[in-house]
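Visitor: Starting from these lines, generate the structure:
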Amino acid sequence: MKLIPLGVAGAYTAAGEASPGYLIEQDNHYILLDAGPGITGRLAKIVPYYKLSAIIVSHLHFDHMLDLLPLSYVLHIKPATVPLYFPLETKSMFFGTYEANEINPFLDAFDIRDANGNFEIGPFKIQLLPVKHRLATVGTRVETSDGVIAYSGDSAYCENLIRLANNADIFLSEATYLERDKERTKEGHMTAKEAATIAKEANVKKLLLTHIWFEYNKKESLNEAKTIFDNAELAQEMKVYEI
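Guide: Numbers count the residues shown, from 1 in each chain. You can find the predicted model right below:
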């Protein structure tokens, strides 16, 4: 199983970065986790958009979903339909975006499903659990015969993240803030130290830090995480992580 971060930034990107989007592949099956601005061109370097087995969007904040619009356009033109999972309690936000842009016909690109529970897609066993953010949000656990990849989405520290990351080979975790700015985690985010604490409590093999505030020196976030969990790295865009 391979994990390829297409974008690792948050709501505002540093120069050259894209917002969150992570491609998971095994046996020519592909799942896209989040579709933030800037990821579609990078996706095209790896796999044709119509070969996606599913798209799972953790939540509908714009930095995690805006590239659904160009994806729906090209899928509509193809035509092709891809299963799309997101928390349906926020569906008015999703449909409102399409109505405001008068592009409702593009919705036929998606087989829209609620993001919860357990299900299988090709070789992937998926578990989705609610996590702690300002808006309805899910974290994701992807398991195959090769191993486990867990993704936090945007979330403050919570027990469901430990459940999702339990014994994972890779825990891809948001680490938006540093401990010196911990008061800002009330927005529904974590510090690098908190992400590392979950990695340690969940007994993961590798922690990949993502969604780091653009003004930080990312090495400082990494060093903070390493005080708790040594096998931590900064998630790198377009790098292939294999388990």
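Visitor: Can you tell me the element the residue of the chain most remote from its centre falls in?
Guide: Distance from the centre of the chain peaks at Glu102, with 27.3 Å (C-alpha atoms, centre = their mean). Assigned by DSSP states H and E, Glu102 falls within no helix or strand.
Visitor: Could you do Ile149 as well?
Guide: With DSSP H and E as the test, Ile149 turns up in strand 147-151.
Visitor: in the chain, which spans are strands?
Guide: 2-7, 21-26, 29-33, 52-56, 82-86, 110-114, 117-121, 124-130, 138-144, 147-151, 170-174, 206-210, 232-234, 241-242 (DSSP state E).
Visitor: wait, which of those is closest to Ala195?
Guide: Ala195 lies closest to strand 170-174 among the strands of the chain, at 4.1 Å (C-beta to C-beta). (Each C-beta comes from the backbone N, C-alpha and C, glycine too.)
Visitor: Pull the number of nearby residues for the nearest residue to Val82 once chain neighbours are set aside.
Guide: Among residues not flanking Val82 along the chain, Leu52 sits closest, at 5.0 Å (C-beta to C-beta, 6 or more residues apart in numbering). Counted with other C-beta atoms under 10 Å, the neighbours of Leu52 add up to 20.
Visitor: Check what pLDDT the closest residue to Thr176 other than its chain neighbours gets.
Guide: Excluding its sequence neighbours, the residue lying closest to Thr176 (C-beta to C-beta, 6+ apart) is His189, at 3.8 Å. Looking at His189, its pLDDT is 98.
Visitor: can you check Asn101 too?
Guide: 87.
Visitor: again, but for Lys132
Guide: At Lys132, pLDDT is 97.
Visitor: Tell me what it is bridged to.
Guide: Ala156 (DSSP bridges).
Visitor: thinking again about what came up before, now do the strand holding Ile149: distance to the chain's middle.
Guide: 11 Å (C-alpha atoms, centre = their mean, to the nearest Å).
Visitor: and that strand with strand 21-26, angle?
Guide: Here strand 147-151 points in a direction 170 degrees away from that of strand 21-26 (axes from the mean of the first three to the mean of the last three C-alpha atoms, to 10 degrees).
Visitor: any weak-confidence spans in this protein?
Guide: Nowhere does the chain drop to pLDDT under 70.
Visitor: Neighbours of the residue nearest to Glu89 when sequence neighbours are not counted, how many?
Guide: Using C-beta to C-beta, 6+ apart and skipping the chain neighbours, the partner closest in space to Glu89 is Ala136 (4.9 Å). Using other C-beta under 10 Å, Ala136 is surrounded by 19 other residues.
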